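**Student:** The following comprises the amino acid sequence and a computationally predicted model.
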Amino acid sequence: MCSEQNDAEGGVYKVGAFRPDPRPLAPGLYFVSTPIGAARDITLRGLDILAKADVLAAEDTRTLKHLMEIHGVALGDRHVFAYHDHNGEMMRPKLLRALSEGKSVAYASEAGTPLVADPGFQLGRAAIAEGLPVLAAPGASAVLAALTVSGLPSDRFLFAGFAPNQAGARARMLKELGEVQATLIIYESPKRVNRLLDEMVQIWGEEREAVVCRELTKRFEEVTRGRLGDVQRAFDGRAVKGEIVVLVGRAVPQQLDADSVEDRLRTALAVKTVKDAAADVALELNLPRRELYQLALRLSKEEDKE
């Protein structure tokens, strides 16, 4: 039989009984990534694991059961155990016991990849400490989805989690992150995103590139890009709803004169190859790598002559 189900995008589509891979599931702890909005973003391997795991655990049991129902994954006589911040101390021993008995245990976060701003970290760490198998069924992640659509550099990025609620802690966090040479990714509540953007402008200024992603993969997905000051003004006084990811481009280093650049290169050349020294200094100073390589090559030859 087939039935109609609504997915998180608001659409309706036909589903039937899911047919999992017939091969048995090996014992171990499986972290299963779940959709952050669109129900069809679950992977086939994720569905296989949910269909065959001996034990199911979830940050939100209703969300996981609904996802399985949408895709026709039978729960059978299995129970879905709740595992979250408030009951972790009590539930971890039960899940670890099942693993030690050679069972397969699947854990799913409410949305996205487990262990990323999610209570699964302690469970995974405890399983590893006991020498038990820990595996991942990768999939949706708000961090990577936001980075992909942001247009900001992706060669180096830092996920900083949720911004602290306390003003002092939040200010310290922003000051610590201010000079990090990477794209910064921060989760924030829709009720507090205006405040966070205001404080970013106060501490970092208006010129850095910034992006605010709202409701990624969902029906009302919105991506706002621009200079940090422009993005802050776009959200000023606005009532915001939905899941929010804030991204900010790397700090722009102060412009240095030619002698200072050469000094940086000489310091790097003392411990690195010409290629590596040029690459590192180019990234640090946000300068063209090819030009830094030619300069490093010249300085290296001068050193050899001396």
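**Tutor:** Yep, it's here.

**Student:** what about the one helix or strand I49 maps to, average pLDDT?
**Tutor:** Using DSSP states H and E, I49 sits in helix 44-52. Averaged across helix 44-52, the pLDDT comes to 97.

**Student:** In it, which residues are buried?
**Tutor:** Residues R45, G46, L47, D48, I49, L50, A51, K52 are the ones in helix 44-52 that count as buried (16 or more other Cβ atoms under 10 Å). Quick note: C-beta positions are derived from backbone N, CA and C, even for glycine.

**Student:** continuing past it, what's the next helix or strand?
**Tutor:** Downstream of helix 44-52 (by DSSP H and E), the next one is strand 55-58.

**Student:** CA atoms of stretch 66-78 as PDB?
**Tutor:** What follows is stretch 66-78 as a C-alpha-only set of coordinates in PDB (Å, rounded to 0.1, in the frame of the first residue of the first chain):
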ATOM      1  CA  HIS A  66       7.500  10.800  11.700                       C
ATOM      2  CA  LEU A  67      10.500  10.700   9.400                       C
ATOM      3  CA  MET A  68      10.400   6.900   9.300                       C
ATOM      4  CA  GLU A  69       6.700   7.000   8.600                       C
ATOM      5  CA  ILE A  70       7.200   9.400   5.700                       C
ATOM      6  CA  HIS A  71       9.600   7.000   4.100                       C
ATOM      7  CA  GLY A  72       7.800   3.800   4.900                       C
ATOM      8  CA  VAL A  73      10.400   2.500   7.300                       C
ATOM      9  CA  ALA A  74       8.700   0.000   9.600                       C
ATOM     10  CA  LEU A  75       9.300   0.500  13.300                       C
ATOM     11  CA  GLY A  76       8.000  -3.000  14.100                       C
ATOM     12  CA  ASP A  77       8.200  -4.000  17.700                       C
ATOM     13  CA  ARG A  78      11.200  -1.700  18.300                       C
END
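
**Student:** So which bits of it are buried?
**Tutor:** L67, M68, I70, H71, G72, V73.

**Student:** Please apply the same query to stretch 266-276.
**Tutor:** Buried-residue list, stretch 266-276, by 16+ other Cβ under 10 Å: R266, A268, L269, K272, V274.

**Student:** okay, now the domains of the protein?
**Tutor:** Domain assignment for the chain by automatic domain parsing gives 3-140, 143-248, 258-305.

**Student:** for the first one, the distance to its chain's centre please.
**Tutor:** So that's domain 3-140. Centre-to-centre, domain 3-140 and its host chain are 18 Å apart (Cα atoms, centre = their mean, to the nearest Å).

**Student:** The helix or strand encompassing V211 packs against which elements?
**Tutor:** Using DSSP H and E, V211 sits in strand 209-214. Applying 3 or more Cβ pairs under 8 Å, 6 or more residues apart in numbering; DSSP states H and E, we find strand 209-214 packed against helix 142-150, helix 193-204, strand 222-227, helix 228-235, strand 244-248.

**Student:** hmm, try it at 6 Å
**Tutor:** Packing partners of strand 209-214 (3 or more Cβ pairs under 6 Å, 6 or more residues apart in numbering; DSSP states H and E): strand 222-227, helix 228-235, strand 244-248.

**Student:** Please name the strands paired to the shortest one in the sheet, noting orientation.
**Tutor:** Looking back up the chat, that one is strand 244-248. According to DSSP bridges, strand 244-248 forms sheet pairs with strand 183-188 (antiparallel), strand 209-214 (antiparallel).
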